[in-house]
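Undergrad: My questions concern the predicted model and sequence given below.
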Amino acid sequence: MFYRYGSDTLHLVLQWYNLFAALWTAAFISATGDIILAGAVSAWYWTFNKAELPSNMLGSSVKRTFRYHLGTVAFGSLLLALVQLLRVVVEYLNDRINNLQAQNRILRSIVWFLRGCFFFLEKLIRYLNRNAYIMTGMVGSSFCQASQDAFTLITSNILRGFFVNQVADFVILLGKIFVVGVTTLFFSMSVSGQEEELHFSFIPILLVMVGSYIVASSCLAVYSVAVDTLFLCFLKDVQINDGGWRKPYYMSKNLMKIMKYENI
């Protein structure tokens, strides 16, 4: 609480405003990164002759994003920030209810129901936003149109999407485990002979494990966006092309072998 500036009501309003601004800013930065990566990966996919790729696809994607797609980023991140703010409000109400001496079971049940609803709603918004950003980076459509197109493509290929997501999540999990394991192992070996200077090595090792996991998650998130982008590009490619000489597939030869497609 701040006691020098205005009334208590103003304090509360400004604190909620600052919290919402922080949530929106974080979501905006994350969405900007997603749409930039999606634009670069989709530009690679939709170049038929890979030898003719531009020298700086990432820079071109950055220019397109900041010139044409900031409205899409702002709108999608706004939706996510609103849902996150509602989750915080529910948690705030739950904390206030727990501090009351006379606890109402019905009220607590309602709060727990709202916590579950907003939790799954946030997951859904994140999933829809990710696919909408990918479609926007691919074809340049607006947020609503991109969400509709991505939802249509995914729902018409549910089994493929489930298989790709499971395989990608498993590989990314293995990558995180590998990075954390190797980093922790080397750090443990480096401090094993320093018992006189380091009396209790568990806390530094734990900090290295947590830090390496955060770094690995941040780096491997790039591959997660790339996999989702390639999958949606593949679905769009199959939808609009037939592999003939008039409409050949744009996918790479390796992807054709995996998916059992070929150009005639």
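TA: Okay, I see it.
Undergrad: show me where the stretch 51-200 of the chain has strands.
TA: Using DSSP state E, counting those that start in this stretch, the stretch 51-200 of the chain contains no strands.
Undergrad: shaky segments in it?
TA: The stretch 51-200 of the chain contains residues with pLDDT under 70 at 99-103, 193-199.
Undergrad: residue nearest the centroid of the chain?
TA: residue 130 (6.1 Å; CA atoms, centre = their mean).
Undergrad: And it, how close does it get to residue 171?
TA: Separation of residue 130 from residue 171 (CB to CB, to the nearest Å) stands at 18 Å. All C-beta atoms are positioned from the backbone trio N, CA, C, and that covers glycine.
Undergrad: cool, and residue 34?
TA: In terms of CB to CB, residue 34 sits 19 Å off from residue 171.
Undergrad: and if you look at residue 201?
TA: From residue 201 to residue 171 the distance is 32 Å (CB to CB).
Undergrad: ditto for residue 154
TA: With CB to CB as the criterion, residue 154 and residue 171 are 20 Å apart.
Undergrad: number of nearby residues for residue 256?
TA: 14 (other CB atoms under 10 Å).
Undergrad: Now it. Nearest residue, chain neighbours left out?
TA: residue 262 (5.6 Å; CB to CB, 6 or more residues apart in numbering).
Undergrad: and stretch 122-131, which residues are buried?
TA: 125-126, 128-131 (16 or more other CB atoms under 10 Å).
Undergrad: Please apply the same query to stretch 230-246.
TA: So, applying 16+ other CB under 10 Å, buried residues of stretch 230-246: 230-238, 241, 243.
Undergrad: mind listing the helices for the stretch 151-264 of the chain?
TA: 158-191, 202-240, 253-259 (DSSP state H, counting those that start in this stretch).
Undergrad: Quick check: which of those helices is buried the most?
TA: helix 202-240 (a mean of 16; mean count of other CB atoms under 10 Å).
Undergrad: And it, what does it pack against?
TA: The contact analysis (3 or more CB pairs under 8 Å, 6 or more residues apart in numbering; DSSP states H and E) places helix 202-240 against helix 8-45, helix 105-139, helix 143-155, helix 158-191, helix 253-259.
Undergrad: could you give the angle of that helix to helix 105-139?
TA: Helix 202-240 runs at 60 degrees relative to helix 105-139, counting by axes from the mean of the first three to the mean of the last three CA atoms, to 10 degrees.
Undergrad: 19 is where my numbering starts, stick with that
TA: Renumbered: residue one is now 19, and that last one reads helix 220-258.
Undergrad: returning to what we had before: test my guess that the residue nearest to the centre of the chain contacts residue 245.
TA: No: counting by CB atoms under 8 Å, residue 148 stays clear of residue 245, with 11.2 Å between them.
Undergrad: And the buried residues of stretch 248-264, which is closest to residue 48?
TA: residue 250 (18.5 Å; CB to CB).
Undergrad: Distance of the closest residue to that closest one other than its chain neighbours relative to residue 265?
TA: Nearest residue to residue 250 in three dimensions, chain neighbours excluded: residue 152, at 5.2 Å (CB to CB, 6+ apart). According to CB to CB, residue 152 and residue 265 sit 22 Å apart.
Undergrad: Residue 106 too?
TA: From residue 106 to residue 265 the distance is 49 Å (CB to CB).
Undergrad: now do residue 164
TA: Taken as CB to CB, the span from residue 164 to residue 265 is 23 Å.
Undergrad: out of those two, which sits in the more crowded spot?
TA: Remark: of residue 164 and residue 265, residue 164 carries more neighbours, 26 against 12, as counted by other CB under 10 Å.
Undergrad: mind listing what the more buried one touches?
TA: 90, 149-154, 157 (CB atoms under 8 Å, 6 or more residues apart in numbering).
Undergrad: Compare these and tell me which has the most neighbours.
TA: Ranked by neighbours (other CB under 10 Å), those are led by residue 151, which has 33 neighbours.
Undergrad: Pretty sure that one sits against residue 51.
TA: No: if you go by CB under 8 Å, residue 151 and residue 51 don't touch, sitting 9.4 Å apart.
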